[in-house]
Structures are given as structure tokens and as C-alpha cells.
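>>> Structure for the following, please:
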Amino acid sequence: MVQSKVVDLRGQVLRSIDLDDRVFGIKPNTAVVHQAVVTQQANARQGTHDTRTRAEVAGGGKKPYRQKGTGYARQGSRRAPHYKGGGVVFGPHPRSYAKALPRKMRRLALRSVLSARAAEQALTIVDSFTLGAGKTRALLEVLSMLGASEGAVIVVGERSDPVLRAARNLDQVHVVTPNGLNLLDILRLPRMIVAEAAVTELTRTLTADLTPATEAE
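Residues are numbered from 1 along each chain as shown. Next up is the predicted model:
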């Protein structure tokens, strides 16, 4: 088991807990993390880019000049790609960039980045994360006391409207519940602050496909 301290919102140590080393103590699988990042970024693409071919641009119904006797190369339409205003050859058209990633690989990627954060001492566990009022200033004061003034992913045990309201104007702070944890946010922001209740839920979810006897990967 991985040992971790539980602190309050002022940074005072309350107790120590054991973290499941299958979630917070494995050797990160960088290949799977990379594949998960590529998949998530690809799935975020809209794929609405489009260009018009010579069949779609306006005009071009009349032959520019007669076939023979001009000294110029024969031409059939002003909408040909080499003319200004002509169609685009091999340009992008709407498509889906969606990729699929097996659930076990998604979970392994999350376990890998959580273990990396724990090994880097960039993971802080709090007994609970609550704010009396949804004030951004109050949230920034809490983050400063927890050593996360440069930004953090905050994982709360359950939805908290005051915390969400306090963080909505801060690009460097992302508040989620355990089932909304995002791999890209963990990699983007320098620290993680996780409520103790969220640790239990994350452990349950991310070890669902592992047996108790399974060794850390």
C-alpha cells in the first residue's frame, strides 16, 4: 500500500491513509497514456472542415476560349483548380476523427497518471473540499494554503455548486467528480487535490477489472 497524508483545507495534517498501489503505485505505462491522449484529442475534433471541388464552385459553364488557334493550352472551364476561384484538389472534407480505446486501456492510462502524480508528490488528499460561498477569492486562498496556487485538478466526492461557481472563472483550476476525471486535465495542470471520498470512488472504479491478487502493472 502507498501511504499518504490527509489534510484539511488549511494544509494541516489530520491523519494518514493507505492508498491502493494498483491505482496510485504502479509503474506508469507511457505507451498507453500516449495512446489515450491521442484518442481523446482526436475525439474532440469536430471534423467540419470543407473545401469545394471544381464541381461545387460557382461558374464555369462556358468554355474560356475556342479550342484551337489561340496559341494557348486548351481549357474547358474557369473553375479548373489552376484558375483563381477554381476548385480545390484533394482538399479536406467533413469526416469523423473518432477513435476507440478499450475500457481497460482507459483505466490503465488513468492509473498511470495518478501513480505518476503520487510519485511526484503532486497529489494532495483532503478530508473534504467545501466552500461556504462560491467566491473565487476564497478558492484561491485555499489553493495557496494547499500549495496549488499555480493550478490544480480538484476531485470532489460529490457535486458542489459553490466550488464549481468559485472555479468557473479560473482556467488553471478544474473541478470534477470522480466519474468526470479527465486524463488531459491531469496532464495539463501541475497538481491534483482529491477529496478522501473521491479516492474511495476512484479506487473502486479503476480496479473494477482487476482482481485483488493482481500485481501492480
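>>> Please make it C-alpha for all contacts and neighbour counts, starting now.
Will do.
>>> So, low pLDDT: which residues of the protein?
For the chain, applying pLDDT under 70 flags the ranges 212-217.
>>> if you count residues, which helix in it comes out on top?
For the chain, the helix with the greatest residue count under DSSP state H is helix 103-119.
>>> so after that one, what's the next helix or strand?
strand 123-126 (DSSP states H and E).
>>> which helices and strands sit right next to the helix or strand that comes right after that following strand?
Using DSSP H and E, the helix or strand that directly follows strand 123-126 along the chain is helix 136-145. Counting contacts by 3 or more Cα pairs under 8 Å, 6 or more residues apart in numbering; DSSP states H and E, helix 136-145 is packed against helix 161-167.
>>> Contacts for the longest helix of the chain, please.
The contact list for helix 103-119 (Cα atoms under 8 Å, 6 or more residues apart in numbering) reads 22-30, 32-33, 36, 123, 183, 186-187, 191-192, 206, 209.
>>> swap the cut-off to 7 Å and go again
With Cα atoms under 7 Å, 6 or more residues apart in numbering as the test, helix 103-119 has contacts from 23-29, 32-33, 36, 123, 183, 206.
>>> residue contacts, residue 52?
With Cα under 7 Å, 6+ apart, residue 52 has these contacts: 87, 88.
>>> any idea what sits nearest residue 48, other than its immediate chain neighbours?
In space, residue 48 comes closest to residue 94 once its chain neighbours are excluded; the distance is 4.8 Å by Cα to Cα, 6 or more residues apart in numbering.
>>> can I assume the one you found is in contact with residue 46?
No - the criterion here is Cα atoms under 7 Å, and residue 94 misses it with residue 46 at 8.7 Å.
>>> Please report the distance of residue 205 from residue 16.
22 Å (Cα to Cα, to the nearest Å).
>>> Could you do residue 92 as well?
For residue 92 relative to residue 16 (Cα to Cα), the value is 55 Å.
>>> which secondary structure element contains the residue positioned nearest the centre of the chain?
With distances taken as Cα atoms, centre = their mean, the residue of the chain nearest its centroid is residue 184 (2.8 Å). Using DSSP H and E, residue 184 sits in helix 183-188.
>>> Would you mind pulling the contact partners of the helix or strand just after that helix?
Later in the chain than helix 183-188, the nearest helix or strand by DSSP H and E is strand 191-195. Under the criterion Cα under 7 Å, 6+ apart, residues 122-129, 148, 151-157 lie in contact with strand 191-195.
>>> Pull strand 191-195 out as PDB, backbone CA atoms only.
Listed next in PDB are the C-alpha coordinates belonging to strand 191-195 (Å, rounded to 0.1, in the frame of the first residue of the first chain):
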ATOM      1  CA  ARG A 191      -1.300  19.400  -9.100                       C
ATOM      2  CA  MET A 192      -4.200  17.200  -8.000                       C
ATOM      3  CA  ILE A 193      -6.300  17.800  -4.900                       C
ATOM      4  CA  VAL A 194      -8.600  14.800  -4.200                       C
ATOM      5  CA  ALA A 195     -11.200  14.500  -1.500                       C
END
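>>> Can you give the distance from that strand to the centre of its chain?
Distance, stretch centre to chain centre, for strand 191-195: 16 Å (Cα atoms, centre = their mean, to the nearest Å).
>>> Sweet, I'm off.
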